[in-house]
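J.: pasting the sequence and the predicted coordinates here, then a few questions.
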Amino acid sequence: MIVSLAGLIRAWCRVNWLLWLYLVVMFLLILLLFCFTIIAFVVTNKGPGEALSAKGYKEYRLGDHSNWLQKRVSNTKNWNRIRRISNPNTSIASQFYAKHLSPIQSGCCKPSNDCNFTYVSPTVWTKPADNTIYANPDCNTWSNDPTKLCFDCQSCKVGVLDNIKSVCKKVAIVK
């Protein structure tokens, strides 16, 4: 707004140095916007998710995203803030077999397919009785408590990252 005012004042009062200031600031703003767009696409380029046959959702891995995004979402302070915003909602989980799941629903409201848990209900899954040691740490993090589910899982963080990635790309394209 200040830049626009400088342009208007220059036009009305014929102040030449204000024109040059206006042009320099507008150039810097356009350059900054261009850099933001490039960075948004570079940072959000990875992490498409793995499609599962006969399922309405994809499996997501934290390692599939850029290191910069991984560090931001793995930071405990940032994750607690994000987790508070995306408060567990059991109605999300109750529909996950009926329709396509968003990345956040897939990562936060069900255990990973690697766990081989037995489905009982949308928020209740039974662990195998053989005390399996899981390669995926999310299997040990899963809880049938509707207020916890998998909100501390890596897959939930990845679902949030995928959502951020989608929003950043939309913003970058619009700008």
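T.: Great, that's in hand. Numbering: from 1, shown residues only.
J.: please count neighbours and contacts with C-alpha atoms only from this point.
T.: Will do.
J.: what comes up buried for stretch 19-39?
T.: Of the residues in stretch 19-39, Leu19, Tyr22, Phe36, Thr37 count as buried by neighbour count, 16 or more other CA atoms under 10 Å.
J.: what's the most distant pair in those residues?
T.: Leu19 and Thr37 (27.0 Å; CA to CA).
J.: which strands or helices does the helix of greatest length in the chain pack on?
T.: Criterion DSSP state H: the longest helix present in the chain is helix 16-43. Here helix 16-43 touches helix 2-13, helix 154-174, going by 3 or more CA pairs under 8 Å, 6 or more residues apart in numbering; DSSP states H and E.
J.: following the helix or strand of the chain with the lowest mean pLDDT, which helix or strand comes up?
T.: Least confident helix or strand, the chain: helix 90-93 with a mean of 44, by mean pLDDT, DSSP states H and E. Per DSSP states H and E, the first helix or strand lying C-terminal to helix 90-93 is helix 103-108.
J.: any idea how far that next one is from the chain center?
T.: Put simply, helix 103-108 sits 10 Å off its chain's centre (CA atoms, centre = their mean, to the nearest Å).
J.: before we move on, the earlier item: and the buried residues of stretch 19-39, which is closest to Asn116?
T.: Distance to Asn116 across the buried residues of stretch 19-39 (CA to CA) is lowest for Thr37, with 40.5 Å.
J.: which residues of this structure score low on pLDDT?
T.: Counting by pLDDT under 70, the ranges of the chain that qualify are 43-60, 82-99, 175.
J.: wait, is Trp125 part of a strand?
T.: Yes - when DSSP: H, G, I helix; E, B strand; the rest coil is applied, Trp125 is found to be in a strand.
J.: do I have it right that it meets Asn113?
T.: No - using CA atoms under 8 Å, Trp125 makes no contact with Asn113, being 11.4 Å away.
J.: neighbour count winner among the two?
T.: When neighbours are counted by other CA atoms under 10 Å, Trp125 comes out ahead of the other of Trp125 and Asn113, with 17 against 13.
J.: that one pairs with what?
T.: According to DSSP bridges, the residues that bridge with Trp125 are Tyr119.
J.: give me every residue that touches it.
T.: If a contact means CA atoms under 8 Å, 6 or more residues apart in numbering, then Trp125 has Pro111, Phe117, Thr118, Tyr119, Asn144 as its contacts.
J.: and Phe27, how far from Phe34?
T.: Distance, Phe27 to Phe34, by CA to CA, to the nearest Å: 11 Å.
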